[in-house]
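J.: whatever this is, show me its structure:
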Amino acid sequence: MDDGIVLSMRSISKSFPGVKALQNVDFTLREGSIHALMGENGAGKSTLIKTLTGVYSKDGGEIYIKGNGQVVNRSPKEAQENGISTVYQEITLCPNLTVAENLFIGREPRKYGFIDWKAMNKKAEALLASLKISVSPTEQLDGCSIAIQQMIAIARAVDMKCKVLILDEPTSSLDEDEVTKLFELMAGLKEKKVGIIFVTHFLEQVYKVCDRITVLRNGELVGEYEVKELPRVQLVAKMMGKDFDDLAVIKTGAGLPAENNREPFIQAIGLCGQAKPFNLDIYRGEVIGFTGLLGSGRSESVRSIYGADKITGGMLKIEGKEVKINKPLDAIKHDMAYLPEDRKREGIIDGLSVRENIIIALQAKIGILKPIKRKDAEQFADKYIKLLQIKTASMDTPVKSLSGGNQQKVIIGRWLLTNPQYLILDEPTRGIDVGTKTEIQKLVLSLAKGGMSITFISSEIEEMLRTCSRIAVMRDRQKVGELHGDDLNLEKIMQTIAGGGE
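T.: Below you'll find the model as predicted:
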């Protein structure tokens, strides 16, 4: 292995039943380098990290660590012993212990068989000072900010003599000042010759702190690039699997407003929650899309409109009147409906039947004191099973036994039953067959033609171009553009995601 290389992964392969998660992937990390690992959902980033850290056993390939030669990590503990440490987005420390206890848990200094608290606190103070982390060793961890907790996790890894530090989405819960402090810590680790793998979706951060980028797509290596030699728009193209020199321009006329000078039906004014403040006008009979790379804030924006995430600022107006939507039930009562991105966790209720899943939102809307009669529930379920061509043995079949596409149709039926005026569809066609995708796209256009306002989110931009009349573009949790007319094409969207015409 080259003297400057601290980690070399060669021809790494990993399969799960029916899925090739990684196919002969190479990855090289240099000492004192911050290396971004990038790719869209399902690209293989997490699988590559988990094969490196011993969470998964690899099917093929070799891993080399400087000073250790070829290694086979059978567990995260063994990976750590080989100099590989991971700091996840979700903090894995002990909130009920002090900072010093978390730094040295399992390896506390001892005197006469007992923990030497004085020595441990002194060592912790020196370690924190060396990394410029401003916190007392005796402070309880749950009194620290998320940023400080992450830095403590990093400090623990560094003190355990890690050669490779993996930071998995470390900035997603941090504000700008906290991100700056984290980057200062990372710069200090570079000087100590620690190799850092930085997994993130924030393009701005990649170009601010990283030296190299490795892009994965569909479990395969797209390439490794120096940051200074890869324009942002080219990075976006490689992540999305588009040849920037041969982009298909797809026009759309779907869901266009019938009149030019209408008042907006819904207005978001400086609305913010998990995403930064944004403005958006939504018209009746229109399909408006949100696009951006995974983690860009597209889902967070619609969740703010619907009240699924706490609103921290701005306002929402319906037909010119300000409304307060603090929770999904408020949105339902204002005739809104929301099909979430994660249908397994937030969509279907797998312990209930198809019939019960279809009527549950309507029951919530009218209240539990007015239970829907069994006969009416059966009529409602029968109507939407036929309308959406849901393939199920009967309306009493457990919804968990249906295919993914049919589960998605059940959720759509649930919301159509509430007769919404505004429908949010977040990744409604992910993981379902081409035929069902087409059916859902046709349904969206039909609903818009009937006067319903629809927001459509999809990772497949071509699908959005076929369906939407306007598209809001998100980057780093901020709305950075809104495209319509002649600008509604793949090339313009990718340039906007990347940041202008870079």
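J.: all strands of the stretch 301-450 of the chain, in order?
T.: 313-318, 321-323, 336-339, 422-426 (DSSP state E, counting those that start in this stretch).
J.: make a markdown table out of those and add mean neighbour count, mean pLDDT and distance to Gly499.
T.: To be clear about C-beta, it is placed using only N, CA and C from the backbone, and glycine gets the same treatment. Listed next are those as a markdown table, based on neighbours: other CB atoms under 10 Å; pLDDT from 0 to 100; distance: least, CB to CB, whole Å:
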| stretch | mean neighbour count | mean pLDDT | distance to Gly499 |
| --- | --- | --- | --- |
| strand 313-318 | 16 | 91 | 24 |
| strand 321-323 | 11 | 91 | 33 |
| strand 336-339 | 24 | 88 | 30 |
| strand 422-426 | 25 | 90 | 24 |
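J.: reformat those strands as JSON lines; add distance to Glu101.
T.: Output for those, formatted as JSON lines (distance: least, CB to CB, whole Å):
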{"stretch": "strand 313-318", "distance to Glu101": "38"}
{"stretch": "strand 321-323", "distance to Glu101": "48"}
{"stretch": "strand 336-339", "distance to Glu101": "43"}
{"stretch": "strand 422-426", "distance to Glu101": "41"}
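J.: closest to Arg298 out of these?
T.: Arg298 lies closest to strand 422-426 among the strands of the stretch 301-450 of the chain, at 8.0 Å (CB to CB).
J.: quick one: low-confidence ranges for the stretch 51-200 of the chain?
T.: 89-90, 173 (pLDDT under 70).
J.: quick one: the helices in the stretch 101-250 of the chain?
T.: In the stretch 101-250 of the chain, the helices defined using DSSP state H, counting those that start in this stretch lie at 117-130, 146-159, 176-191, 203-209, 232-240.
J.: now do the fourth one: which elements does it pack against?
T.: Meaning helix 203-209. Judged by 3 or more CB pairs under 8 Å, 6 or more residues apart in numbering; DSSP states H and E, helix 203-209 is in contact with strand 34-38, helix 176-191, strand 195-199, helix 232-240.
J.: buried ones in that helix?
T.: Buried residues in helix 203-209, counted by 16 or more other CB atoms under 10 Å: Leu203, Gln205, Val206, Tyr207, Val209.
J.: tell me the least confident of those residues?
T.: On pLDDT alone, Leu203 ranks lowest of these, at 81.
J.: for Val87, give me its contacts.
T.: Residues near Val87 by CB atoms under 8 Å, 6 or more residues apart in numbering: Gln150, Ala153, Ile154, Ala157, Leu165, Ile166, Leu167, Asp168, Pro170.
J.: sorry, back to before: mind putting the helices of the stretch 101-250 of the chain into JSON lines with distance to Pro17?
T.: As requested, these are exported to JSON lines (distance: least, CB to CB, whole Å):
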{"stretch": "helix 117-130", "distance to Pro17": "44"}
{"stretch": "helix 146-159", "distance to Pro17": "33"}
{"stretch": "helix 176-191", "distance to Pro17": "38"}
{"stretch": "helix 203-209", "distance to Pro17": "33"}
{"stretch": "helix 232-240", "distance to Pro17": "26"}
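J.: between those helices, which gets nearest to Ser11?
T.: Nearest of those to Ser11, taken as CB to CB: helix 232-240 at 20.6 Å.
J.: CA atoms only for the closest one, dumped as PDB, please.
T.: The C-alpha trace of helix 232-240 is given here as PDB (Å, rounded to 0.1, in the frame of the first residue of the first chain):
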ATOM      1  CA  ARG A 232     -20.900  20.700  -8.700                       C
ATOM      2  CA  VAL A 233     -23.200  20.200 -11.700                       C
ATOM      3  CA  GLN A 234     -21.100  17.300 -12.800                       C
ATOM      4  CA  LEU A 235     -21.200  15.800  -9.300                       C
ATOM      5  CA  VAL A 236     -25.000  16.000  -9.400                       C
ATOM      6  CA  ALA A 237     -25.100  14.400 -12.800                       C
ATOM      7  CA  LYS A 238     -22.900  11.500 -11.600                       C
ATOM      8  CA  MET A 239     -25.000  10.900  -8.500                       C
ATOM      9  CA  MET A 240     -28.200  10.900 -10.500                       C
END
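J.: list the helices and strands the following helix or strand past it packs on?
T.: Under the assignment DSSP states H and E, the closest C-terminal helix or strand after helix 232-240 is strand 266-272. Using 3+ CB pairs under 8 Å, 6+ apart as the contact test, the elements touching strand 266-272 are strand 278-282, helix 298-306, strand 313-318.
J.: quick one: which of those is nearest Trp415?
T.: helix 298-306 (11.3 Å).
J.: next, the buried residues of that closest one.
T.: Neighbour counts over helix 298-306 (16+ other CB under 10 Å) mark Arg298, Ser299, Glu300, Ser301, Val302, Arg303, Ser304, Ile305, Tyr306 as buried.
J.: same question, stretch 100-117
T.: Those would be Ala100, Glu101, Asn102, Leu103, Phe104, Glu108, Trp117, for stretch 100-117 by 16+ other CB under 10 Å.
J.: who's in contact with that stretch?
T.: So stretch 100-117 is contacted by 93-94, 97, 119-121, 123-124, 127, 137-138, 141, 152, 155-156, 159-160 (CB under 8 Å, 6+ apart).
J.: are any of the residues you listed buried, and which?
T.: Leu93, Met120, Asn121, Lys123, Ala124, Leu127, Pro137, Leu141, Ile152, Ala155, Arg156, Asp159.
J.: the last one and Ser85: what is the separation?
T.: Distance, Asp159 to Ser85, by CB to CB, to the nearest Å: 10 Å.
J.: same check, this time on Pro17
T.: Pro17 sits 31 Å away from Ser85, going by CB to CB.
J.: who has more neighbours, these two?
T.: Remark: of Pro17 and Ser85, Ser85 carries more neighbours, 23 against 4, as counted by other CB atoms under 10 Å.
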